[in-house]
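**Student:** Sequence plus predicted model, see below.
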Amino acid sequence: MQSSPHKSEFFIAPPQILVRLVIKRIGTTGGNAMAIGKQFAELFDYFSPTRRALMLAAILGLSLGAPASALAQDCELSFEQPWLDDLVASAHVSGACDAAKIDLVVHNGTDEVVWSASYESDYMFGFDQAHDVGTMQMALRDWLGDYIEFSNSAELPEWRYVADMPEASEFPFYVEEGLSQADYEGIRAADHPMICYIQGGESTLCLVRQPGVSALISVGVQTFPG
């Protein structure tokens, strides 16, 4: 998706995602204590004191799990997770576990499809250890549960320009292509319920729920350090 970057001060990412970023970086340190501490300090610089506290709390409950099997198994499974008051997110996995296709469908309370998308697990953050049915089930639970960020559209970053171009940012928010400035700012002002979920290796997709509109509306993509 090609769209315009906008400066983001709020950085949408649940603490569990931040913890896995640290674990991923620790993997490159060889277990050296000083190097591990440096990786924590570098990532902590990105976040507010509240986010740092949440991140530390998440670390205490995170299990690194057992080493993955060298040979990936075939995966054919489904997983469901409630979202908001009456939405259900369903993921169906097919193919080899380490390169599976994941079909996401979100239904409302009347079983109407309000959002759907397809992804490849080997390009998704959090699925690098999903080599069998058990670890894939755990990855799906994190993806549709722990890693989801529920908030409101008022938390979206402001639309800012510098010489007719949006301000640059290390981790920008990319507004959905075709969404005008007036519509975007209207969504922010209305403070709609918002859901952000991982849709790649370094980004989350943010959807808003507008009154009187059955489908969830994509407002853009928030990047995070991968």
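**Tutor:** Everything's here; your move. Numbering: from 1, shown residues only.
**Student:** What are the phi and psi values at Ala182?
**Tutor:** Dihedral pair for Ala182: phi -60, psi -40, per degrees, to the nearest 10.
**Student:** if I pick Ala117, what's in contact with it?
**Tutor:** Residues in contact with Ala117 (Cβ atoms under 8 Å, 6 or more residues apart in numbering) are Asp103, Leu104, Gln199, Leu205. (C-beta placed from N, C-alpha, C; glycine too.)
**Student:** switch the cut-off to 6 Å
**Tutor:** Leu104 (Cβ atoms under 6 Å, 6 or more residues apart in numbering).
**Student:** next one: Ile198
**Tutor:** Applying Cβ under 6 Å, 6+ apart, we find Ile198 in contact with Phe125, Tyr147, Thr204.
**Student:** Redo those as a markdown table? Include distance to Leu179 and secondary structure.
**Tutor:** Shown next, in a markdown table, are the contacts of Ile198 (distance: Cβ to Cβ, whole Å; DSSP: H, G, I helix; E, B strand; the rest coil):
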| residue | distance to Leu179 | secondary structure |
| --- | --- | --- |
| Phe125 | 24 | coil |
| Tyr147 | 24 | coil |
| Thr204 | 17 | strand |
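**Student:** closest to Trp159 among those?
**Tutor:** For the contacts of Ile198, the closest approach to Trp159 (Cβ to Cβ) belongs to Thr204, at 18.9 Å.
**Student:** Could you check what's spatially nearest to the closest one, not counting adjacent residues?
**Tutor:** Spatial nearest neighbour of Thr204, chain neighbours left out: Cys196 (4.4 Å); criterion: Cβ to Cβ, 6 or more residues apart in numbering.
**Student:** can you map out the helices along the chain?
**Tutor:** All helices of the chain, identified by DSSP state H, fall at 15-26, 33-44, 49-60, 133-141, 181-190.
**Student:** Low-confidence ranges, the protein, go.
**Tutor:** Residues of the chain that meet the criterion pLDDT under 70 lie in 1-72, 161-169, 226.
**Student:** And the strands in it?
**Tutor:** Under the criterion DSSP state E, the chain contains strands at 5-6, 77-83, 87-94, 101-107, 113-120, 149-152, 161-162, 165-166, 173-175, 193-198, 203-208, 217-223.
**Student:** Perfect, that will be all.
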